[in-house]
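Undergrad: Sequence plus the predicted model coming up.
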Amino acid sequence: MTSLVGTRILLRFNLRRDRLMIPVWVAVNTLMVLSMPNTLRTLYGTPAERADLIHQVATNASFRALIGPVFDDSVGALTAWRVGVYAGVLAAITSLLVVVRHTRDEEESGRQELLSSGAVGRRASLTAALLAAAVANAVLALLVVAGLTGQGAVGALAFGLGLAAVGMVFATAAAIVAQLTESARLARGLTAGVLGTAFVLRAAGDSATTDGSSVWTWLSPLGWLENLRAYAGERWWVLLLFAAAIALQAAVAYGLAGRRDIGMSFLPTRPGPSVGRLGTAGALAWRLQRGSVLGWSLAFFVVGVVYGGLTDGVADIVGDNKNARRIFERMGGQSALTNAFLAAMVGMMGLVAALYIVGSVLRLYGEETSGRAEPVLANPVGRLRWATGHLVIAFGGSVLLMLVTGLGFVVGYGKEAGPILGACLVQLPAVWVIGGLAVLLYGVLPRAATAAWGVAGAVLLIGWVGPALDAPRAVLDLSPFGHLPKLPGGGMEWGPVLVLLALAVALVATGLTGLRRRDLTT
């Protein structure tokens with residue numbers, strides 16, 4: 001047991017470091033789940049409406065691929081169907097971020113070597129990271145169970161345990177990847193790739209069958225979650241699949257952790273490029289962030305194709321349901337249902353792009369606190385030039401994301417490109433305001449830089465949950481996305497767009513001024 005010495009102290013330290021990130025991610029996930037019963041009760045208040053919804057989903061393979069099959073017409077079962085896949089994905093993302101942050105990130109920065117020089121066991125760091133992820137998933141499960149008990153305690157328990165189990169499957173997967181790679185960035189990317197594969201496998205299986213019985217669905221942990229069938233005759237034995245996967249992956253991670261030196265990895269690192277290819281701050285920033293940009297771009301294109309393919313079928317799903325139409329119109333701003341759906345989905349992609357820009361901007365913070373920025377700045381490279389290289393990737397990358405999203409919608413929908421591309425690009429001023437806030441926090445208050453994740457999470461919550469809850473206009477206006485014109489279909493309003501652009505420029509300029517004047521953070 002000497003290999004676990006210091007685990008309790010490291011766990012307390014990890015939870016203290018994550019005192020903002022974990023609550024934000026858990027709160028967004030919980031509120032997304034708990035807001036759904038009232039929304040569904042409003043949209044499908046009669047048995048006939050719920051029966052019609054189930055029939056439409058059963059006959060629409062695209063919607064099953066996106067959300068999954070429906071197993072029962074109760075409000076609880078519809079809640080598990082509507083948000084189950086996406087709540088599972090959010091739990092998985094939270095878990096992989098926590099585990100990689102407290103394992104490979106610590107080794108890459110050199111802090112783990114300092115900790116290991118004291119009375120800290122060989123596997124204490126890995127154990128503390130997994131326990132931190134377990135705490136996050138346990139809190140999520142407790143909140144979900146407490147919030148959904150009114151729909152049925154047994155179903156709520158099954159759904160809460162299923163979400164926590166999905167999170168821990170990907171926490172242990174991240175623990176394995178963190179042993180294999182020497183880069184935290186690569187570890188996050190590979191684990192996210194595993195999550196993406198799980199989503200694709202589930203989507204492929206659900207599009208082929210109406211009851212989740214496809215082999216492809218059973219190959220995915222997200223498929224296990226839907227086949228747990230919360231509120232629809234719970235299959236408790238499915239939890240054994242989660243337990244076996246978690247135990248097996250944890251055993252592999254612990255085995256690998258005991259066979260390597262700190263800072264080393266099992267996958268060899270390729271030699272870097274010649275100095276000429278990294279001769280500028282911008283080239284270095286691209287080298288560091290290109291994998292992230294390309295990965296996000298591919299994901300946005302695929303999602304755009306999927307949503308574009310669903311556009312023609314949205315009228316069949318909504319049918320004559322006035323409440324459903326009203327929510328789409330509230331999100332999209334137009335009475336034409338197709339335009340409202342496109343505007344709502346484009347707006348959702350803009351909200352997700354805000355997460356990208358925050359992560360890309362905060363790469364500056366990671367480079368600074370890890371000590372890698374100091375050797376670069378010791379050369380004839382000014383702070384503003386160094387920072388600008390990363391900001392070009394962050395802000396320019398967001399342009400690329402929205403462009404490929406628009407192309408994906410065009411490919412999936414098969415209609416003219418102009419209006420859809422315009423709708424995607426009009427999201428950029430709001431995305432840039434969120435990026436500007438991240439630059440401001442990093443430049444002026446570097447120790448509070450990670451609070452930018454809280455801002456992005458709050459905006460995401462307002463945009464996703466606010467319209468469904470019929471939130472007051474004043475609440476929706478707290479988000480910069482609430483001031484954008486609703487395209488396609490609506491009229492272009494340049495006033496709010498220009499104001500948001502000016503605000504983004506002012507935030508970035510203030511942040512860069514603060515960076516130039518302050519000391520580097522160590």
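TA: Good, I have the coordinates. Residues are numbered from 1 along each chain as shown.
Undergrad: all helices of the stretch 401-522 of the chain, in order?
TA: Along the stretch 401-522 of the chain, counting by DSSP state H, counting those that start in this stretch, helices occupy 417-425, 428-444, 451-465, 473-476, 494-517.
Undergrad: Need the pLDDT of Val26.
TA: In this model, Val26 is scored at 91, pLDDT.
Undergrad: scratch that, Met492 is what I was asking about
TA: For Met492, the predicted pLDDT is 76.
Undergrad: Next, count neighbours for it.
TA: 9 (other CB atoms under 10 Å). C-beta: built from backbone N, CA, C; applies to glycine.
Undergrad: Skip the chain neighbours and tell me the closest residue to it.
TA: Spatial nearest neighbour of Met492, excluding adjacent residues (CB to CB, 6 or more residues apart in numbering): Pro485 at 5.5 Å.
Undergrad: most packed of the helices of the stretch 401-522 of the chain?
TA: Looking across the helices of the stretch 401-522 of the chain with neighbours counted as mean count of other CB atoms under 10 Å, the highest average goes to helix 428-444: a mean of 26.
Undergrad: and that helix, what other elements does it pack with?
TA: helix 337-361, helix 383-413, helix 451-465, helix 494-517 (3 or more CB pairs under 8 Å, 6 or more residues apart in numbering; DSSP states H and E).
Undergrad: So for Phe159, which of those helices sits nearest?
TA: Proximity to Phe159, assessed across the helices and strands packed on helix 428-444 by CB to CB, is greatest for helix 451-465 (17.8 Å).
Undergrad: for the helix or strand hosting Gly308, which positions count as buried?
TA: Secondary structure assignment for Gly308, by DSSP states H and E: helix 281-310. Using 16 or more other CB atoms under 10 Å as the test for burial, helix 281-310 gives 281-282, 284-286, 288-289, 292-293, 295-297, 299-310.
Undergrad: distance between that helix and the chain's centre?
TA: Between the mean C-alpha location of helix 281-310 and the chain-wide mean there is a distance of 14 Å, by CA atoms, centre = their mean, to the nearest Å.
Undergrad: how big is the angle separating it from helix 383-413?
TA: Per axes from the mean of the first three to the mean of the last three CA atoms, to 10 degrees, the angle that helix 281-310 makes with helix 383-413 is 20 degrees.
Undergrad: and helix 281-310 with helix 417-425, angle?
TA: 120 degrees.
Undergrad: avg pLDDT for helix 281-310?
TA: 82.
Undergrad: Quick one: list the elements packing against that helix.
TA: helix 61-67, helix 184-208, helix 337-361, helix 363-369, helix 383-413.
Undergrad: which of those helices sits most buried?
TA: By mean count of other CB under 10 Å, the helices and strands packed on helix 281-310 have helix 337-361 as the most buried, with a mean of 24.
Undergrad: Surely Phe199 touches Thr217?
TA: No - the pair Phe199 / Thr217 is not scored as a contact, 11.3 Å apart, by CB atoms under 8 Å.
Undergrad: can you give me the helices in the stretch 101-250 of the chain?
TA: Applying DSSP H, counting those that start in this stretch to the stretch 101-250 of the chain gives helices spanning 104-109, 111-116, 124-148, 153-180, 184-208, 215-218, 221-227, 238-257.
Undergrad: Same list (these) but as TSV, adding distance to Arg19 and mean pLDDT.
TA: Shown next, in TSV, are the helices of the stretch 101-250 of the chain (distance: least, CB to CB, whole Å; pLDDT from 0 to 100):
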stretch	distance to Arg19	mean pLDDT
helix 104-109	17	76
helix 111-116	18	66
helix 124-148	11	93
helix 153-180	18	93
helix 184-208	20	83
helix 215-218	37	91
helix 221-227	28	93
helix 238-257	25	93
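Undergrad: which stretch among those comes nearest Pro380?
TA: helix 104-109 (25.7 Å).
Undergrad: Can you spell out which helices and strands pack onto that closest one?
TA: helix 111-116, helix 184-208.
Undergrad: could you redo the last one with a cut-off of 7 Å?
TA: helix 184-208 (3 or more CB pairs under 7 Å, 6 or more residues apart in numbering; DSSP states H and E).
Undergrad: What residues sit buried inside whichever strand or helix holds Ala48?
TA: According to DSSP H and E, Ala48 maps onto helix 47-58. Along helix 47-58, these residues count as buried under the neighbour rule (16+ other CB under 10 Å): Glu49, Arg50, Asp52, Leu53, Ile54, Gln56, Val57.
Undergrad: Now it - C-alpha only, PDB.
TA: C-alpha atoms of helix 47-58 as PDB (Å, rounded to 0.1, in the frame of the first residue of the first chain):
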ATOM      1  CA  PRO A  47     -50.900  10.400 -24.400                       C
ATOM      2  CA  ALA A  48     -51.800  11.000 -28.100                       C
ATOM      3  CA  GLU A  49     -49.000  13.500 -28.500                       C
ATOM      4  CA  ARG A  50     -46.500  11.200 -26.800                       C
ATOM      5  CA  ALA A  51     -47.600   8.300 -28.900                       C
ATOM      6  CA  ASP A  52     -47.200  10.300 -32.100                       C
ATOM      7  CA  LEU A  53     -43.700  11.300 -31.000                       C
ATOM      8  CA  ILE A  54     -42.700   7.700 -30.400                       C
ATOM      9  CA  HIS A  55     -44.100   6.800 -33.800                       C
ATOM     10  CA  GLN A  56     -42.200   9.600 -35.600                       C
ATOM     11  CA  VAL A  57     -38.900   8.600 -33.900                       C
ATOM     12  CA  ALA A  58     -39.400   4.900 -34.700                       C
END
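Undergrad: and Ala156, what does it touch?
TA: Val144, Val145, Leu148, Thr149 (CB atoms under 7 Å, 6 or more residues apart in numbering).
Undergrad: how close does Met21 sit to Ala438?
TA: 14 Å (CB to CB, to the nearest Å).
Undergrad: and what of Ala87?
TA: 26 Å.
Undergrad: How about Phe301?
TA: Relative to Ala438, and taking CB to CB, Phe301 is found at 24 Å.
Undergrad: do Gly359 as well
TA: 9 Å.
Undergrad: Next: Arg8.
TA: 33 Å.
Undergrad: Over to Gly84?
TA: As judged by CB to CB, Gly84 and Ala438 stand 31 Å apart.
Undergrad: low-confidence ranges in the stretch 301-450 of the chain?
TA: 312-337, 416-417 (pLDDT under 70).
Undergrad: Torsion angles phi and psi at the residue of the chain positioned farthest from its centre?
TA: Here the centre of the chain is the reference, and by CA atoms, centre = their mean the most remote residue is Pro380, at 37.3 Å. The phi and psi values for Pro380, taken as degrees, to the nearest 10, are phi -70, psi 60.
Undergrad: What separation do you get for it and Val404?
TA: Taking CB to CB, one finds Pro380 at 36 Å from Val404.
Undergrad: Over to Ala448?
TA: On the measure of CB to CB, Ala448 and Val404 end up 32 Å apart.
Undergrad: ok, now Thr46?
TA: 41 Å.
Undergrad: thinking again about what came up before, for the contacts of Ala156, pick the one with the most neighbours.
TA: Most crowded among those, counting by other CB under 10 Å, is Val144 at 28 neighbours.
Undergrad: Give me the distance between that one and Asn227.
TA: 18 Å.
Undergrad: Same question for Val75.
TA: Val75 is 20 Å from Asn227, by CB to CB.
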